[in-house]
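Visitor: Build me a structure from this.
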Amino acid sequence: MELYRALKISAAGMKVQGIRLRVAAENMANADSLPTAPGQDPYRRKLVTFKNAMDREVGAEMVRVNKVFTDKSDFKLKYEPSHPAADERGYVQTPNVETLVEMMDLREAQRSYEANLNVIESSRSMLLQTLDIIR
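Guide: I've put the predicted structure just below:
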């Protein structure tokens, strides 16, 4: 039963880290996107928050995605007077995405995903060894 709990807890961790990876990848993909007309906003960075939720079947608290929301921080400005979305001063709003921060977030999510995968692989190995002993 304890190995089953470890598998379920790790699978929940992999699921939320997978969502975190997708959100960070979306942010990276849109880091250079600009508005196409004056007054339009560029892409706004998305963030993921987590929460613990009791799973009565497993009898343990599992990690879940609390919500995916947009970052309300200010856009950056880039001087490009020939751009169609430039304001009267020649500035274009650019996304509030920092590629270095997103790369670090991607790396952290990847490592957490791999750690959960290693727990699943270890649990699977222990289950197979137990079956071998029983035979």
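
Visitor: what about this structure, any weak spots by pLDDT?
Guide: The model of the chain has pLDDT under 70 over residues 1.

Visitor: mind listing the strands in it by residue range?
Guide: Under the criterion DSSP state E, strands of the chain are mapped to 46-55, 60-70, 76-79, 91-94.

Visitor: Distance check, the residue nearest the centre of the chain against residue 61.
Guide: Nearest to the geometric centre of the chain sits residue 20, at 1.3 Å (Cα atoms, centre = their mean). Counting by Cβ to Cβ, to the nearest Å, the gap from residue 20 to residue 61 is 18 Å. No exception for glycine: its C-beta is placed from N, CA and C like everyone else's.

Visitor: Quick check: which of the strands of the chain is buried the most?
Guide: strand 91-94 (a mean of 18; mean count of other Cβ atoms under 10 Å).

Visitor: For it, which helices and strands make contact with it?
Guide: With contacts defined as 3 or more Cβ pairs under 8 Å, 6 or more residues apart in numbering; DSSP states H and E, the packing partners of strand 91-94 are strand 76-79.

Visitor: Listing partners with orientation, what would you give for the strand it packs on?
Guide: Strand 76-79 has its sheet partners listed here by DSSP bridges as strand 91-94 (antiparallel).

Visitor: Kindly format the C-alpha coordinates of the strand it pairs with as CSV.
Guide: C-alpha atoms of strand 91-94 as CSV (Å, rounded to 0.1, in the frame of the first residue of the first chain):
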residue,chain,number,x,y,z
TYR,A,91,7.4,53.3,-28.0
VAL,A,92,5.9,49.8,-28.4
GLN,A,93,4.9,47.8,-25.4
THR,A,94,6.7,44.4,-25.2
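
Visitor: Okay then, goodbye and thanks.
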